[in-house]
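J.: just coords:
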Ligand SMILES: Nc1ncnc2c1ncn2[C@@H]1O[C@H](COP(=O)(O)O)[C@@H](O)[C@H]1O
Ligand SMILES: Nc1ncnc2c1ncn2[C@@H]1O[C@H](COP(=O)(O)O)[C@@H](O)[C@H]1O
Ligand SMILES: [Mg+2]
Ligand SMILES: [Mg+2]
């Protein structure tokens, strides 16, 4: 596999020695969904990327969600001890968090309380005592807030507006993404929709005019996606082909270099003609990274901060 | 607003006194996207939900992403100090993290290092030195891994399979969600797609047979969504109407109680006839909560663990 090989080459031999520590295990425990711990562990494992699968160290993670009984918790700590796993937890009830800590100390399990320090800092900052109630506990306010409904709306809207569908709705979008095939319009759209933004995307296809509605709506909501490096676009398209189990047909214009160059040139010319559209380079960025760039720009346009950032109100 | 009023009633007067602390500010700083800090702060603020907007305390959060220069960092700490904000940070470079800590101590800013303790624990557990390189730093392995491509595929697949589209592709889905309108099939599908699962959803409509493909595919991949409480379904539908700016037409069968009862009865009968489909109750659950339940079941069916959980390999 060409892409994989390229990565391998970047890894020096010394690194491999440093990393030869075999299989390791990480347990995550939450009284809620576990997604917070999962997200954080995923980010933190980025710090060990030079060593993970195929590079001398593999990490198996196990996510235990909705753990609300002390008995279940104790069983998990014991299992962590047997498997010599580290244990990271988010437990809102201080009694549960304390029990996790004590048990881990007793069994000699490496552990981190993920939620506690944040809750403590916020309690200090806000001057309010935390409820200690986990997500979904009885007595907690239900989640059907306006913000939640807005998120749901955004997801429904975005799925209907994929790939240039229903141009008459473009004016309802918070953000409109424009770019040639494989500039990650669809995954970016659904990613940002999760965060509550209504996103539409419009594909740029050589020889086909974009819908006129695109030029009628508020131009400050439109973002161009581009790739400086046509080789990168090509390798994504080929990787995508392979992943779909398709043979890479070198005669196909989809992965043909000249065709790709022409497409990118066409889209870049359109972006130059529409200077209000910020052009975002997607080469080498994961979708969450591109989303961060776009949403920072979006919020800046709305607010004019000294240092661009994203604000919310709770 | 009916729903809002209901929440307000649940808040006792004493609580309001406890919460009368006014406007507060929380800063989040990341050398990456900031989504990890954002997610964690969102979860932690759940511990203060009894006090937030309209209840005596509002929290404004400000998310600063891609902060990689010490100068920018210092400006943000200073601003946090001026606004009496708490500051939470994820900074992979130990020099940056140390600088954040020192500056916060100097300026008297309440602060938490979110990433450091997790990275330290993992370093202990794995016996490997963390790279100290932030997401997107040069020299880091690019992200175009198989797992990443799989996630992108999942999002593309899921958006195409919404609302019963292309039944001939149902056999390609990891999960198929089945339920009547407003049981959150669409947002659930896109949410799980983000996590790398190919999800299709098939609506159940009174008087219309589901596609026969649904009964031909692997029945272990199908999940029924239901709501025990027809009133809840109705209030969601009405809330959704209002949110769309539509008048609630009491004669519309969509929000008519008898119609809703008939629909739910029809879907429950279908679920009884298909006992291999787990039936998931969505009443009172946010989509991430329902997703946690479904994915735990899904992984359990694949693996048969003592305590059901979700495993990954890095
Ligand atoms: N809305 C909420 N209210 C109270 N606690 C929450 C809320 N959301 C998340 N949490 C808590 O934050 C931690 C992480 O949540 P989760 O991502 O669901 O595992 C868990 O301890 C949850 O109980
Ligand atoms: N793949 C990765 N490699 C290295 N560091 C990462 C990776 N993903 C996230 N991080 C770090 O984890 C923290 C949280 O990331 P983010 O959610 O992008 O703000 C930041 O300090 C990032 O630099
Ligand atoms: Mg697309
Ligand atoms: Mg739907």
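T.: Sure thing, it's come through. Note that the structure is predicted; figures quoted are calculated from it, not measured. Numbers count the residues shown, from 1 in each chain, chains lettered A, B, ... in the order given. Ligands and ions are numbered 1, 2, ... in the order given.
J.: who's in contact with whatever residue of chain A ends up closest to ligand 4?
T.: Per CB to the ion, residue A:156 is where chain A lies closest to ligand 4, at 6.5 Å. C-beta coordinates here come from the backbone N, C-alpha and C atoms, glycine included. Residues near residue A:156 by CB atoms under 8 Å, 6 or more residues apart in numbering or on different chains: B:186-187.
J.: Does the helix or strand hosting residue A:289 pack against any helices or strands, and if so which?
T.: Counting by DSSP states H and E, the element that carries residue A:289 is helix A:287-303. Where contact means 3 or more CB pairs under 8 Å, 6 or more residues apart in numbering or on different chains; DSSP states H and E, helix A:287-303 is packed against strand A:175-179, helix A:185-194, strand A:222-226, strand A:279-281, strand A:310-313.
J.: mind checking which of those is nearest residue B:274?
T.: Of all the helices and strands packed on helix A:287-303, helix A:185-194 sits nearest to residue B:274, with 28.9 Å by CB to CB.
J.: mind listing the helices for chain A?
T.: A:2-10, A:13-19, A:35-45, A:70-82, A:94-107, A:115-126, A:146-160, A:185-194, A:213-216, A:230-243, A:257-273, A:287-303 (DSSP state H).
J.: How about the residues of the stretch 151-300 of chain A by ligand 3?
T.: For the stretch 151-300 of chain A, the residues in contact with ligand 3 (CB under 5 Å from the ion) are A:163, A:185-186.
J.: Would you format the residues you listed as TSV with pLDDT included?
T.: Listed next are these as TSV, based on pLDDT from 0 to 100:
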residue	pLDDT
A:163	96
A:185	97
A:186	97
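J.: List only buried entries from the residues you listed.
T.: Buried by 16 or more other CB atoms under 10 Å in any protein chain shown: A:185-186, out of those.
J.: As JSON lines, the residues of the stretch 151-300 of chain A next to ligand 3 with distance to residue B:136 would be great.
T.: Output for those, formatted as JSON lines (distance: CB to CB, whole Å):
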{"residue": "A:163", "distance to residue B:136": "28"}
{"residue": "A:185", "distance to residue B:136": "21"}
{"residue": "A:186", "distance to residue B:136": "22"}
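J.: Next one: the residue of chain A closest to ligand 4 relative to residue B:173, how far apart?
T.: Using CB to CB, to the nearest Å, we find residue A:156 at a distance of 20 Å from residue B:173.
J.: How about residue A:120?
T.: Distance, residue A:120 to residue B:173, by CB to CB: 43 Å.
J.: neighbour-wise, which of the two wins?
T.: A side-by-side neighbour count of residue A:120 and residue B:173, using other CB atoms under 10 Å in any protein chain shown, places residue B:173 first with 23 against 15.
J.: okay, now the closest residue to that one other than its chain neighbours: neighbour count?
T.: The shortest distance from residue B:173 to any non-neighbouring residue, by CB to CB, 6 or more residues apart in numbering or on different chains, is to residue B:200 (4.0 Å). By other CB under 10 Å, the residues close to residue B:200 number 31.
J.: For residue B:200, give me the pLDDT.
T.: At residue B:200, the pLDDT value in this model is 98.
J.: Would you mind listing the residues in contact with it?
T.: B:157-158, B:161, B:169-170, B:173, B:175-177, B:189.
J.: OK, contacts around the residue in chain A positioned nearest to ligand 3?
T.: Residue nearest to ligand 3 within chain A: residue A:186 (3.4 Å; CB to the ion). By CB under 8 Å, 6+ apart, the residues touching residue A:186 are A:162-163, A:201, B:155-156, B:159.
J.: In a markdown table, list the residues you listed along with distance to ligand 2.
T.: A markdown table is the format used below for the contacts of residue A:186 (distance: CB to the nearest ligand atom, whole Å):
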| residue | distance to ligand 2 |
| --- | --- |
| A:162 | 25 |
| A:163 | 28 |
| A:201 | 23 |
| B:155 | 19 |
| B:156 | 22 |
| B:159 | 24 |
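J.: Tell me the one of the residues you listed nearest residue B:266?
T.: Closest to residue B:266, out of all of those and judged by CB to CB, is residue B:159, at 27.5 Å.
J.: and the closest residue to that closest one other than its chain neighbours, how many residues sit next to it?
T.: Among residues not flanking residue B:159 along the chain, residue A:162 sits closest, at 5.1 Å (CB to CB, 6+ apart). The burial count assigned to residue A:162 is 22, neighbours taken as other CB under 10 Å.
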